[in-house]
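[1] Below are the sequence and a predicted model; questions follow.
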Amino acid sequence: MAKITVSNGVLNVPNEATIPFIIGDGTGPDIWHAASRVLEAAVEKAYDGEKKIEWKEVLAGEKAFNETGEWLPQATLDTIEEYLIAIKGPLTTPIGGGFRSLNVALRQELDLYTCLRPVRYFEGVPSPVKRPEDCDMVIFRENTEDIYAGIEYKEGTEEAKKMIDFLQNEMNVKNIRFPETSGIGIKPISEEGTKRLVRGALNYAINEGRKSLTLVHKGNIMKFTEGAFKNWGYEVAEQEFGDKVFTWNQYDQIKDAEGTDAANKAQSDAEAAGKIIVKDSIADIFLQQILTRPKEFDVVATMNLNGDYVSDALAAQVGGIGIAPGANINYLTGHAIFEATHGTAPKYAGLDKVNPSSVLLSGVMMLEHMGWNEAANMITASIEKTIASKVVTYDFARLMDGATEVKTSEFADELIKNL
Ligand SMILES: NC(=O)C1=CN([C@@H]2O[C@H](COP(=O)(O)OP(=O)(O)OC[C@H]3O[C@@H](n4cnc5c(N)ncnc54)[C@H](OP(=O)(O)O)[C@@H]3O)[C@@H](O)[C@H]2O)C=CC1
Ligand SMILES: O=C(O)CCC(=O)C(=O)O
Ligand SMILES: [Mg+2]
């Protein structure tokens, strides 16, 4: 067995690759046992045994705490750092106190600055919208900044008082409505953080033949964080991608100089030439328009919190969080951790009930990242076939006429049969 390495930005993947995995809390073990079996079977079938994955368990979350007394042991970070690519189940985060998110910590410690979440429809999946197939978007969520940096101070503490004193006395802030009883949170958004995210999104859009990139922000209200994200996004597009893109910024400049007809013509010429149209949308109306006019959106780049909300909203549109994969990637170092968009779903833990498709499709993204496309395509085709035959887990079965509801493990058996 050998390590995956990277040289000059290119992954070197040995035929027998060792991949660390975190089993996850809650439903993590159920979905991991199912998904890993399907991944192994697809690799075996696609390459006649010539390629193989060797799983290497690393600890995080409850299992880590029970075995080592630590929630996220340094050894886990070191192993993922060394082996480059890993896959994980969901990890629990306590609300309103306790330790900070281990999922976020993994992204920050390894500087996995892109959370990549493709959203596509699988024929036959029950959806709350009339034309779920119109939703084909890829979310690039900034993964290391924003309020997820965890800079916040609890109401009533010395730290919160100090921050509020500083803001009122040194920064002349007048509008903290209830200073005696406020907690305080801080939202860092940087030029570097924004530009490396948007650069990755544009490279993706160009390489995958996508049509547009939408920068989603609430820059009318948060001018120097979300508004700056929008401005830096346009800047990186225009300064680094030249004639491969046409931006709404450029549209506005043409409109001001030559009028609306000239600007419209410039945009249709750009579309006809296959340029990526770079546009922006304020987050609230964006949430309406992804439902009412999904065809108008393609690749989406946004900050951490918006990206978190948008991920679950778009997942719902194509049938829910049971079929929503993702990856956390650093395009510069090659490090990546693949994981589902959903969490631990604790009420279903150990019931062998939930849908393993999200973590399995995250595994498909991992195989694609490794260049093992034949195995990846085999799994995608098997998921399509299995759903079309209406053999599904509870989440789809409860909304489908004539479905056969199966357990997590039985769904995996069916997927393996249909490979
Ligand atoms: N990356 C990560 O590891 C993440 C971790 N979390 C953490 O997970 C914990 C629980 O979070 P919560 O907000 O309840 O969100 P969850 O995503 O865990 O679950 C919410 C609901 O989503 C549905 N769902 C989740 N997973 C599946 C699945 N595999 N198949 C089918 N349906 C599924 C279920 O819906 P229904 O009830 O309708 O059946 C479930 O009750 C928290 O501690 C949170 O911090 C949350 C998100 C991401
Ligand atoms: O870390 C957590 O518990 C939640 C993270 C989350 O919701 C996400 O990354 O989508
Ligand atoms: Mg989330």
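    Happy to help now that I have it. Ligands and ions are numbered 1, 2, ... in the order given.

[2] end-to-end on stretch 275-295?
    End-to-end distance for stretch 275-295, by C-alpha to C-alpha, to the nearest Å: 17 Å.

[3] in that stretch, what counts as buried?
    Within stretch 275-295, the residues scored as buried using 16 or more other C-beta atoms under 10 Å are 275-281, 283, 286-287, 290, 294. C-beta here means a position set from N, CA and C on the backbone, and glycine is covered the same way.

[4] so which two of these are the farthest from each other?
    Lys275 and Leu287 (26.8 Å; C-beta to C-beta).

[5] okay, now the residue lying closest to Asp30 once chain neighbours are set aside: neighbour count?
    Excluding the flanking residues, the one nearest Asp30 by C-beta to C-beta, 6 or more residues apart in numbering is Thr408, at 4.8 Å. Number of residues near Thr408 (other C-beta atoms under 10 Å) recorded here: 24.

[6] quick one: contacts for Thr408?
    30-31, 33-34, 352-356, 393 (C-beta atoms under 8 Å, 6 or more residues apart in numbering).

[7] run the last query once more with 7 Å
    30-31, 34, 352-354, 356, 393 (C-beta atoms under 7 Å, 6 or more residues apart in numbering).

[8] Kindly report the same for Thr194.
    Contacts of Thr194 by C-beta under 7 Å, 6+ apart are 229, 232-233.

[9] most surrounded residue in the residues you listed?
    Sorting the contacts of Thr194 by how many neighbours each has (other C-beta under 10 Å) puts Phe229 first, at 32 neighbours.

[10] and the longest helix for the chain?
    For the chain, the longest helix by residue count, based on DSSP state H, is helix 28-47.

[11] Which stretches in the stretch 151-300 of the chain count as helices?
    158-165, 191-207, 226-241, 248-258, 260-272, 283-292 (DSSP state H, counting those that start in this stretch).

[12] And for the residue of the stretch 301-419 of the chain at minimum distance from ligand 1, nearest residue in space, chain neighbours not counted?
    Using C-beta to the nearest ligand atom, the single residue of the stretch 301-419 of the chain nearest to ligand 1 is Gly343, 2.2 Å away. Nearest residue to Gly343, sequence neighbours excluded (C-beta to C-beta, 6+ apart): Pro90, at 4.7 Å.

[13] The one you found: what secondary structure?
    Three-state call for Pro90 (DSSP: H, G, I helix; E, B strand; the rest coil): coil.

[14] Give me the contacts around stretch 277-297.
    129, 134-135, 137, 211-218, 220, 230, 234, 237, 245-248, 267, 270-271, 306, 313-314, 317.

[15] Those, buried ones only, as a ChimeraX selection?
    To isolate the buried ones among the contacts of stretch 277-297 in ChimeraX, judged by 16+ other C-beta under 10 Å, type:
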select :129,134,135,137,212,213,214,215,216,217,218,230,234,237,245,246,247,248,267,270,306,314,317
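
[16] can you list the residues of the chain near ligand 1?
    27, 31, 90-93, 103, 321-322, 339, 342-346, 354-355, 358, 395 (C-beta under 6 Å from any ligand atom).

[17] could you redo the last one with a cut-off of 5 Å?
    Listed as neighbours of ligand 1 in the chain under the rule C-beta under 5 Å from any ligand atom: 90-93, 103, 321-322, 342-345, 354-355, 395.

[18] Among those, which lie within helices?
    Counting by DSSP H, those contribute 103, 395 to helices.

[19] Same list, the residues of the chain next to ligand 1, but as TSV with pLDDT please.
    Shown next, in TSV, are those (pLDDT from 0 to 100):
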residue	pLDDT
Pro90	98
Leu91	97
Thr92	96
Thr93	94
Asn103	96
Ile321	96
Gly322	97
His342	97
Gly343	97
Thr344	98
Ala345	98
Val354	98
Asn355	98
Asp395	98
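
[20] Can you sort out which of the residues of the chain next to ligand 1 also neighbour ligand 2?
    Among the residues of the chain next to ligand 1, the ones lying near ligand 2 by C-beta under 5 Å from any ligand atom are 93, 103.

[21] Can you say which of the residues of the chain next to ligand 1 are buried?
    The neighbour count (16+ other C-beta under 10 Å) marks 90-93, 103, 321-322, 342-345, 354-355, 395 as buried among the residues of the chain next to ligand 1.

[22] quick revisit: for the residue nearest to Gly343, give me its contacts.
    Applying C-beta under 7 Å, 6+ apart, one finds that Pro90 lies in contact with 24-26, 28, 340, 342-344.

[23] Filter those down to just the ones in strands.
    Nothing among the contacts of Pro90 maps onto strands, per DSSP state E.

[24] between those residues, which is closest to Val10?
    Proximity of the contacts of Pro90 to Val10 (C-beta to C-beta) peaks at Ala340, which lies at 27.4 Å.

[25] The closest one: neighbouring residues, count only.
    Count around Ala340 with other C-beta under 10 Å applied: 31.

[26] go on, Asp243?
    Counted with other C-beta under 10 Å, the neighbours of Asp243 add up to 8.

[27] ditto for Gln108
    Using other C-beta under 10 Å: Gln108 sits among 18 other residues.

[28] With Ala273 instead?
    With other C-beta under 10 Å as criterion, Ala273 counts 10.

[29] and the stretch 201-350 of the chain, which residues reach ligand 2?
    So the stretch 201-350 of the chain meets ligand 2 at Asp308 (C-beta under 5 Å from any ligand atom).

[30] what stretches of the stretch 201-350 of the chain score poorly on pLDDT?
    Across the stretch 201-350 of the chain, nothing is flagged by pLDDT under 70.

[31] Look up the closest residue to the residue of it at minimum distance from ligand 2, ignoring the ones flanking it.
    Closest residue of the stretch 201-350 of the chain to ligand 2, C-beta to the nearest ligand atom: Asp308 (4.7 Å). Of all residues beyond its chain neighbours, the one nearest Asp308 is Arg141 (7.0 Å), with distances taken as C-beta to C-beta, 6+ apart.

[32] ok so the one you found is a strand residue?
    Yes - with three-state DSSP as the criterion, Arg141 is part of a strand.

[33] That one contacts Leu305, correct?
    No - applying C-beta atoms under 7 Å as the test, Arg141 and Leu305 come out as separate, 9.1 Å apart.
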